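In: could you look at this predicted model? Sequence included:
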Amino acid sequence: MTVKTYKRKLDIKNGRVDLSHGSGGRAMMQLIADIFHEALDNAWLRRGNDQSAFDVIGGRMVMTTDGYVVSPIFFPGGDIGSLAVHGTINDIAMAGARPIYLSAGFIIEEGFALADLKRVADSMGEAARDAGVPIITGDTKVVERGKADGVFITTTGVGVVPDGLDLSSEKARAGDKVILSGTIGDHGVAVMSKRQNLTFETDIVSDSAALHQLVAVMVGAGGPSLRVMRDPTRGGLAATLNELAHQSHVGFRISEEALPIKPEVAAACDLLGLDPLYVANEGKLVAIVAPEAAGDILAAMQAHPLGRDAAIIGEAIADDHHFVQMTTSFGGGRIVDWLSGEQLPRIC
Amino acid sequence: MKHADEYRDGRLARALAARIAHEADPAASYHFMEFCGGHTHAISRYGIQDLLPGNVRMIHGPGCPVCVLPIGRIDAAIRLAERPEVTLCTYGDLMRVPGSHGTSLLKAKAAGADIRMVYSTTDALRIAEAEPEREVIFFAIGFETTTPPTALAIKIAAAKKLKNFTIFCNHVLTPSAIQNILESPDVRELGRVRIDGFIGPAHVSTVIGSQPYAFFAEEFEKPVVIAGFEPLDVMQAIMMLVRQVNEGRCEVENQYTRAVKPEGNERAKAEVAEIFELRKSFEWRGLGQVPYSGLRLKKAYAEFDAERRFDIGHIEAHDNPACECGAILRGVKKPTDCKLFGTVCTPDTPMGSCMVSSEGACAAHWTYGRFRDHVREAS
């Protein structure tokens, strides 16, 4: 006679992650099944292997990986789960590529509420489904209290580059136009507004979004005229333009007046002593494009919901010093330098 | 929240620039010192220099609280923070100010000291209340603007009978520093610095008012225009200074009337007077010992004074001999006159304090203005 073992249900409402959830035993299986498989469900995960097999589509592929340690893990407009999906999809998309699969690794701190973990996993599942990019394999580890902060997530993504496209950071040339896909600073300010020692009232929400569909539209309109794309996350637009200036051996001249910034973000930055140029974004991209194609690409972007506020903000110039110069809306000139030090730790 | 766009309007700026260019005598030159780091930052951040005629020169003054803090005080703060029972609360921009021998609060934190970045004195108070077993020290710095909040924190701590809260007091006074500059040999005898007028502090003046500057206008015959920190405020103040010079006037004028009253903020002044008293002398980086320029807690509040509770003694420390921060803070030298500027000293690896705070003359020039040096080189 077989005895059916009694299995206590995971107490998602009041329970907490403990060390047994990472030990490789039944508790871990249950955590993975009840939370992660439930939230991220797809044909690959259902097979329950330590890896997932998939057919190679052919052509050039891209791969990227990114860790997420944002604090707080829930913020207006998103959470660490959706961010971990969007961020990695965006890194794939910046090659002009179509993202196809993701993986997710979780490092969970002992004592983390199961309800929060479920909320994060559900949000990841929703973000992945919305984007049409399944999470097909993953890993869970639990560390002692104090060795992590709630939950850290690492996602890896693979994607396919359309034929004839080779975007790369050394390809900006003097005369190229710089297109920004929308308002800057939203994510950083939204996260800051919920920091424990800084809570302030605001309606600003993170711009966290998957940009691959916007990129597909841009590839359709510009093709090989797209030279470089990058999403200005940590360090903001300033860091991105400085990196590209150095990698492409050019300078940039941008116009402050052309920069799309929400008035409430500008005001919050004023209050906090931040410069929106250095504040992180999670649903924006910068594209350096051949001047003759800039108009078409911009029009295509503006017709897409994620590029509605897109604008040409400046151009690449010949400059041995690789300065990013800006004409201020006040009428003077200044450099937009690299960020020095850490303006906002753990923003993504 | 209302944004300050109307004080940053490019069209108005160009109109003001045209007026300054029209009124400035091409045969003369004008040297104005903006005392405050806030003005230094605005001038660099908005590229105001590009809007001024070549014969109107701005000289950066010492009004950056982080910059004027002598290296010995940083060393003392680090020593305090290294005590196992101490939690040192500090504003973020102090973290990277270099102490002696390449130390900094940031490095001390990485080595294990309990140092926390806060945005206000109330954050520090909150930590003291939440963690009664820790000795919480607030690293109090700044001019007259930040002194009232510190005074208030002391009063709250006293009312709540907090036994584990103290401040490491480094509050300093603006008028004493201006007087020190005007009396310095550089200005008076050697003529190394020419100052035809001052842009007076914005936020400081909201507290102390415009009256304290009357002395400078009369005694030293220097016009003073108190100005707000927005770029149009600065432009307008420059125009008012040009007019005073042209008309041979030496008056205290107030451009920042939307915030500054002649008598200042009586209540804030009273709070400060209740808690603090003058030190006989306080050391400033660049200016040296300046008589009656710093504050400390009165005896009645001695229990909240970290210097009295923890015997740190006086730490004698010297700036890197190649660092020109001192001369730059006095207006004698420009950032580009320093051999370290942009070579070993950048905002990422600051050697001197002027390269640390965004209000410091070196950081402002490096971050916003250094492309002009290369334009000059090329032409």
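Out: Structure received.
In: excluding chain neighbours, what is closest to whichever residue of chain A sits closest to chain B?
Out: Scanning chain A for the residue nearest chain B gives residue A:332, at 1.9 Å (criterion: C-beta to the nearest C-beta). Quick note: C-beta positions are derived from backbone N, CA and C, even for glycine. Leaving aside its sequence neighbours, residue A:332 sits nearest to residue B:47 (C-beta to C-beta, 6 or more residues apart in numbering or on different chains; 1.9 Å).
In: the one you found contacts residue A:335, doesn't it?
Out: No: at 9.6 Å, residue B:47 does not count as touching residue A:335 under the criterion of C-beta atoms under 8 Å.
In: between the two, what contacts are shared?
Out: Here residue B:47 and residue A:335 share the contacting residues B:368-369, scored by C-beta atoms under 8 Å, 6 or more residues apart in numbering or on different chains.
In: mind listing what residue B:252 touches?
Out: Going by C-beta under 8 Å, 6+ apart, residue B:252 touches B:200, B:210-211, B:213-214, B:216-217, B:223-226.
In: now, those that are in helices?
Out: Counting by DSSP state H, the contacts of residue B:252 place B:214, B:216-217 in helices.
In: if you rank those residues by neighbours, which is first?
Out: The residue in the ones in helices among the contacts of residue B:252 with the most neighbours, by other C-beta atoms under 10 Å in any protein chain shown, is residue B:216 (22 neighbours).
In: I'd assumed residue B:195 was in contact with it.
Out: No: counting by C-beta under 8 Å, residue B:195 is not a contact partner of residue B:216; they are 10.2 Å apart.
In: next, show the common contact partners of those two.
Out: B:182, B:222.
In: ok, now how distant is residue B:9 from residue B:368?
Out: Taking C-beta to C-beta, to the nearest Å as the measure, residue B:9 falls 20 Å from residue B:368.
In: comparing those two, which residue is more hemmed in?
Out: Looking at residue B:9 and residue B:368 with other C-beta under 10 Å, you find the greater number of neighbours at residue B:368, namely 25 against 17.
In: quick one, what contacts that one?
Out: Residue B:368 sits next to A:334-335, A:337, B:44-45, B:47 when contact means C-beta under 8 Å, 6+ apart.
In: reformat the residues you listed as TSV; add secondary structure and pLDDT.
Out: Putting those into TSV (DSSP: H, G, I helix; E, B strand; the rest coil; pLDDT from 0 to 100) gives the following:
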residue	secondary structure	pLDDT
A:334	strand	94
A:335	strand	94
A:337	coil	92
B:44	helix	92
B:45	helix	91
B:47	coil	92
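In: check contacts around residue 68.
Out: Since you didn't name a chain, this refers to chain A. Shown in contact with residue A:68 (C-beta under 8 Å, 6+ apart): A:80, A:83-84, A:87, A:152-155, A:348.
In: chain B was what I was after
Out: Listed by C-beta under 8 Å, 6+ apart, the contact partners of residue B:68 are B:62, B:172, B:177, B:284-287, B:329, B:353.
In: repeat for residue B:79
Out: B:312, B:315.
In: got the phi and psi for the residue of chain A closest to chain B?
Out: Dihedral angles of residue A:332 (phi, psi; degrees, to the nearest 10) stand at phi -100, psi -180.
In: get me the contact residues on chain A for chain B.
Out: Residues of chain A lying near chain B by C-beta under 8 Å from any C-beta of the partner chain: A:197-198, A:257, A:263-264, A:266-268, A:270-271, A:273, A:321, A:323, A:325, A:327-335, A:337-338, A:340-341.
In: filter those to the buried ones?
Out: Buried residues within the residues of chain A next to chain B, counting neighbours by 16 or more other C-beta atoms under 10 Å in any protein chain shown: A:264, A:266-268, A:323, A:325, A:327-335, A:337-338, A:340.
In: so which of these are in helices?
Out: Those of these lying in helices (DSSP H): A:264, A:266-268.
In: could these go into JSON lines alongside pLDDT?
Out: JSON lines is the format used below for these (pLDDT from 0 to 100):
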{"residue": "A:264", "pLDDT": "92"}
{"residue": "A:266", "pLDDT": "92"}
{"residue": "A:267", "pLDDT": "89"}
{"residue": "A:268", "pLDDT": "89"}
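In: hmm, back to that, can you pull the contacts of the residue nearest to residue A:332?
Out: Each residue near residue B:47 by C-beta under 8 Å, 6+ apart is listed here: A:327-328, A:330-334, B:368-369.
In: which residue packs closest to residue B:98, ignoring adjacent ones?
Out: Leaving out its chain neighbours, the residue that sits closest to residue B:98 by C-beta to C-beta, 6+ apart is residue B:104, at 5.5 Å.
In: which parts of the chain are strands?
Out: Reading this off chain A. A:60-68, A:74-75, A:78-79, A:98-109, A:135-143, A:151-161, A:177-180, A:226-230, A:251-255, A:286-289, A:311-317, A:324-327, A:333-335 (DSSP state E).
In: actually it's chain B I care about, not the one you picked
Out: Taking DSSP E, the strands of chain B run over residues B:30-36, B:56-63, B:86-90, B:114-117, B:135-142, B:165-171, B:197-200, B:224-226, B:252-254, B:276-278, B:281-284, B:288-291, B:295-297.
In: and of those strands, who's closest to residue A:278?
Out: Residue A:278 sits nearest to strand B:114-117 of all these, at 16.9 Å, using C-beta to C-beta.
In: next, the buried residues of the closest one.
Out: Applying 16+ other C-beta under 10 Å to strand B:114-117 flags B:114-115, B:117 as buried.
In: output those residues as a markdown table; include the columns distance to chain A and pLDDT.
Out: Listed next are the buried residues of strand B:114-117 as a markdown table, based on distance: C-beta to the nearest C-beta, whole Å; pLDDT from 0 to 100:
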| residue | distance to chain A | pLDDT |
| --- | --- | --- |
| B:114 | 15 | 97 |
| B:115 | 14 | 97 |
| B:117 | 9 | 91 |
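In: which residues touch stretch A:186-201?
Out: Residues outside stretch A:186-201 that contact it (C-beta under 8 Å, 6+ apart) are A:70-72, A:74-77, A:202, A:204-208, A:233, A:236, A:262, A:265, A:268-269, A:271-272, A:274, A:276, A:279-283, A:344, A:347-348, B:118-119, B:123, B:126.
In: endpoints of it, how far apart?
Out: Terminal residues of stretch A:186-201 are spaced 14 Å apart (C-alpha to C-alpha, to the nearest Å).
In: what do you get for stretch A:277-297?
Out: Taking C-alpha to C-alpha as the measure, stretch A:277-297 stretches 23 Å from start to finish.
In: report pLDDT for the residue lying closest to residue B:336 once chain neighbours are set aside.
Out: In space, and not counting its chain neighbours, residue B:336 is closest to residue B:373: 6.0 Å by C-beta to C-beta, 6+ apart. Looking at residue B:373, its pLDDT is 86.
In: wait, residue B:373 touches residue B:337, no?
Out: No: at 11.6 Å, residue B:373 does not count as touching residue B:337 under the criterion of C-beta under 8 Å.
In: with neighbour numbers in mind, choose between the two.
Out: Per other C-beta under 10 Å, whichever of residue B:373 and residue B:337 has more neighbours is residue B:373, with 16 against 11.
In: OK, contacts around residue 265?
Out: No chain was given, so I picked chain A. Neighbour list for residue A:265: A:183-186, A:189, A:204, A:276, A:279 [criterion: C-beta under 8 Å, 6+ apart].
In: I was after chain B.
Out: B:148, B:206-207, B:209.
In: how about the one residue in the stretch 251-379 of chain B that gets nearest to chain A: what's its closest non-neighbour residue?
Out: Here the stretch 251-379 of chain B gets closest to chain A at one residue, residue B:347, 3.6 Å apart by C-beta to the nearest C-beta. Nearest residue to residue B:347, sequence neighbours excluded (C-beta to C-beta, 6+ apart): residue A:340, at 3.6 Å.
In: isn't that neighbour right up against residue B:349?
Out: No: distance between residue A:340 and residue B:349: 9.1 Å, which falls outside the contact criterion (C-beta under 8 Å).
In: so where is the chain shaky, pLDDT-wise?
Out: This is for chain A. Counting by pLDDT under 70, chain A shows low-confidence ranges at A:1-6, A:196-199, A:341-345, A:347.
In: my question was about chain B, not that one.
Out: In the predicted model, chain B carries pLDDT under 70 at residues B:1-3, B:190, B:375-379.
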